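[1] Requesting a structural model of the entry that follows:
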Amino acid sequence: MKLQIHSIGNSYSEQAIDLILTIQQKEFNVPLTIHDQPDLLQIESFYKEAGGNFWGAFIDGELVGTIALVKFDERAGAIRKMFVKKEFRGKELNIAQELLDVLISFCRENGIDDLYLGTITVLKAAQRFYERNDFEKIEKEKLPAQFPLMGSDDIFYHSNTTL
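    Below you'll find the predicted structure:
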């Protein structure tokens, strides 16, 4: 099992939607549909044209994880769509960490100093993961005005990529 991470575009929309909705709806009972996240149907225009990116983690050709960056300011971005299929999570494969590392490298190469993200209370493992990676919990009021808020998010984090 060899992990490969690379930037993906609209040709992967269907696989990404399948992966993400399955985790949101079936695993965590978060009532989001594709209508709540139309960005997944337009990966290239939503993420890439503004200077962000969207990555997929593949094992033997199967999409098993995603992470995306929305660049919303000259030097700031928001992490979105961080998901790893249940059976591929954990320390052995370390997919979430690899995905985050790729995104942070991209930020450093492209002058994005500040990273923000929103998550939801039920995603405890995600919160621990971000905290282990030096993300600090911040109040919603501390988010930059341009931060692309997702309606379901109720916990927010910030990290400086230059550290």
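
[2] In terms of pLDDT, where does the residue nearest to L21 when sequence neighbours are not counted sit?
    In this structure, L21 finds its nearest non-sequential neighbour in I34, 6.7 Å apart by C-beta to C-beta, 6 or more residues apart in numbering. Where you see a C-beta, it was placed from the backbone N, CA and C, and this is true even at glycine. As predicted, I34 sits at a pLDDT of 95.

[3] and the gap between I34 and K86?
    20 Å (C-beta to C-beta, to the nearest Å).

[4] got it, and F129?
    Distance of F129 to K86, computed by C-beta to C-beta: 15 Å.

[5] the longest strand in this structure is where?
    As assigned by DSSP state E, the longest strand anywhere in the chain is strand 62-73.

[6] Would you mind listing the buried residues in it?
    Neighbour counts over strand 62-73 (16 or more other C-beta atoms under 10 Å) mark L63, V64, G65, T66, I67, A68, L69, V70, K71, F72, D73 as buried.

[7] Between F129 and K86, tell me which one has more neighbours.
    Shown here are F129 and K86; by other C-beta atoms under 10 Å, F129 has more neighbours (18 against 12).

[8] tell me the contacts of the residue nearest to L21?
    Residues near I34 by C-beta atoms under 8 Å, 6 or more residues apart in numbering: I17, L21, L40, L41.

[9] helix or strand for the second one, which one?
    In this case it means L21. In the assignment (DSSP states H and E), L21 maps to helix 13-21.

[10] now the angle from that helix to strand 62-73?
    If you take axes from the mean of the first three to the mean of the last three C-alpha atoms, to 10 degrees, helix 13-21 sits at 90 degrees to strand 62-73.

[11] pLDDT (mean, whole number) over helix 13-21?
    Mean pLDDT, helix 13-21: 97.

[12] Alpha carbons of that helix, as PDB, please.
    Only the C-alpha atoms of helix 13-21 are listed here, as PDB (Å, rounded to 0.1, in the frame of the first residue of the first chain):
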ATOM      1  CA  SER A  13     -15.500  15.600  -8.100                       C
ATOM      2  CA  GLU A  14     -17.600  12.500  -8.000                       C
ATOM      3  CA  GLN A  15     -15.100  10.500  -6.000                       C
ATOM      4  CA  ALA A  16     -14.500  13.400  -3.600                       C
ATOM      5  CA  ILE A  17     -18.300  13.900  -3.100                       C
ATOM      6  CA  ASP A  18     -18.800  10.200  -2.400                       C
ATOM      7  CA  LEU A  19     -15.900  10.200   0.200                       C
ATOM      8  CA  ILE A  20     -16.900  13.400   1.900                       C
ATOM      9  CA  LEU A  21     -20.700  12.900   2.100                       C
END
